[in-house]
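Q: Quick one: sequence and predicted model below, then my questions.
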Amino acid sequence: MVAQALERQVVSGHIRPFVPHRDMAGLATLIETAFGPELAATGSHIVQDLRQMAMLGPFLRPTGRVVAPFAGLVWIEDGRLVGNISLSPEKHDGHVWTVSNVAVLPEYRGRGIGGQLVDAGISLAREREARRLLLQVRADNAVAIGLYRHRGFVTVDTVHDLLLHRYAWPGSVGAPGGTLRRPRLADRMAIRALRGRPQPHPVLWQANLLLRYLVTGERTLEVVAAPEGEVVG
């Protein structure tokens, strides 16, 4: 679904920015409660990873400064994190943002908390100069679809999640051994030339990948093709 930012004013004493060192454990519980069956079906370990990150506590404080483009809002009530919305800019277009992890604990649903979080997220994305918002929602989640359509989102594509169990993997896939490998620091200029655009410093790039994973659960594996030692793809 995609939408242009709507003109909505949101004022709630329950909404505040997501703070990694304070909210990571609560976010893990919320995601497990809201998306447990889906995570189990896809074999996702995001909840376990979030809980491990939460154990770092104060060491997470610098994270927000290093990866400032990402944003999150939480709903705090009764001393608990009961709702969340995460937003992150697309890697190659800072005017396009992805909305994810929109969730509310079951006992707090039916009060408009999810809608207020979405409205606040839209306002925040507008402040960050976003022009389009993208999100994914299950086709059978009529309540969520209605919430998004009411705010101007429209369906632009349908995505099917396919699972290939590791026991069903073919014996051989891809190019001969040695052709594909993980990128090295020395490959940065070659990768930049292939992409035709400036690349961030490797440390910042890895920090961005880390927060993208924390916010959306998206894991990124980057490989290069170097059949004779020279990066060609």
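A: Sure, I can see it.
Q: And what about the closest residue to Thr179 other than its chain neighbours, helix, strand or coil?
A: In space, and not counting its chain neighbours, Thr179 is closest to Pro227: 4.8 Å by Cβ to Cβ, 6 or more residues apart in numbering. C-betas here are computed from N, CA, C, even on glycine. At Pro227 the chain is in coil, as set by DSSP: H, G, I helix; E, B strand; the rest coil.
Q: how close does Pro227 sit to Gly114?
A: Separation of Pro227 from Gly114 (Cβ to Cβ, to the nearest Å): 50 Å.
Q: Could you list the buried residues of the lengthiest helix in the chain?
A: Secondary structure assigned by DSSP state H gives helix 20-42 as the longest helix of the chain. For helix 20-42, burial by neighbour count (16 or more other Cβ atoms under 10 Å) applies to 20-32, 34-35, 39.
Q: for stretch 223-233, same thing?
A: So for stretch 223-233, counting by 16+ other Cβ under 10 Å, buried means 224, 226, 231.
Q: residues contacting the spatially closest residue to Val137 that is not a sequence neighbour?
A: Closest residue to Val137 apart from its sequence neighbours, by Cβ to Cβ, 6+ apart: Ala144 at 4.9 Å. Residues near Ala144 by Cβ atoms under 8 Å, 6 or more residues apart in numbering: 102, 114, 137-138.
Q: So which of those are in strands?
A: Val102 (DSSP state E).
Q: Let me see the confidence value for Arg182.
A: pLDDT recorded at Arg182 is 73.
Q: Isn't it up against Val223?
A: Yes. Between Arg182 and Val223 there is a contact under Cβ atoms under 8 Å: 6.1 Å.
Q: picking that back up, I'd like the next helix or strand past the longest helix of the chain.
A: helix 46-54 (DSSP states H and E).
Q: And that following helix, what does it pack against?
A: If contacts are counted by 3 or more Cβ pairs under 8 Å, 6 or more residues apart in numbering; DSSP states H and E, helix 46-54 sits against helix 20-42, helix 202-216.
Q: Now do it, average pLDDT.
A: 76.
Q: Pull up the distance across stretch 136-148, start to finish.
A: For stretch 136-148, the first-to-last residue distance is 10 Å (Cα to Cα, to the nearest Å).
Q: mind listing what's buried in that stretch?
A: 137, 144-145, 147-148.
Q: Outline the domain layout of the protein.
A: 2-162, 176-233 (automatic domain parsing).
Q: what are the ranges of the strands in the chain?
A: Applying DSSP E to the chain gives strands spanning 2-3, 15-17, 71-77, 80-90, 93-104, 132-135, 180-181, 224-225.
Q: Val47: which of the ones you listed is closest?
A: With distances scored as Cβ to Cβ, the stretch of the strands of the chain nearest to Val47 is strand 93-104 (11.6 Å).
Q: so what strands line up beside the closest one?
A: strand 80-90 (antiparallel), strand 132-135 (parallel) (DSSP bridges).
Q: mind saving the C-alpha coords of that strand as CSV?
A: The C-alpha coordinates for strand 93-104 follow below in CSV (Å, rounded to 0.1, in the frame of the first residue of the first chain):
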residue,chain,number,x,y,z
ASP,A,93,15.3,7.4,-2.3
GLY,A,94,15.1,9.4,0.9
HIS,A,95,11.7,10.7,-0.1
VAL,A,96,10.2,7.2,0.1
TRP,A,97,9.7,5.8,3.6
THR,A,98,8.6,2.3,4.7
VAL,A,99,6.1,1.9,7.6
SER,A,100,6.4,-1.3,9.6
ASN,A,101,5.7,-2.9,13.0
VAL,A,102,2.4,-1.2,13.5
ALA,A,103,1.0,-3.1,16.5
VAL,A,104,-1.0,-2.7,19.7
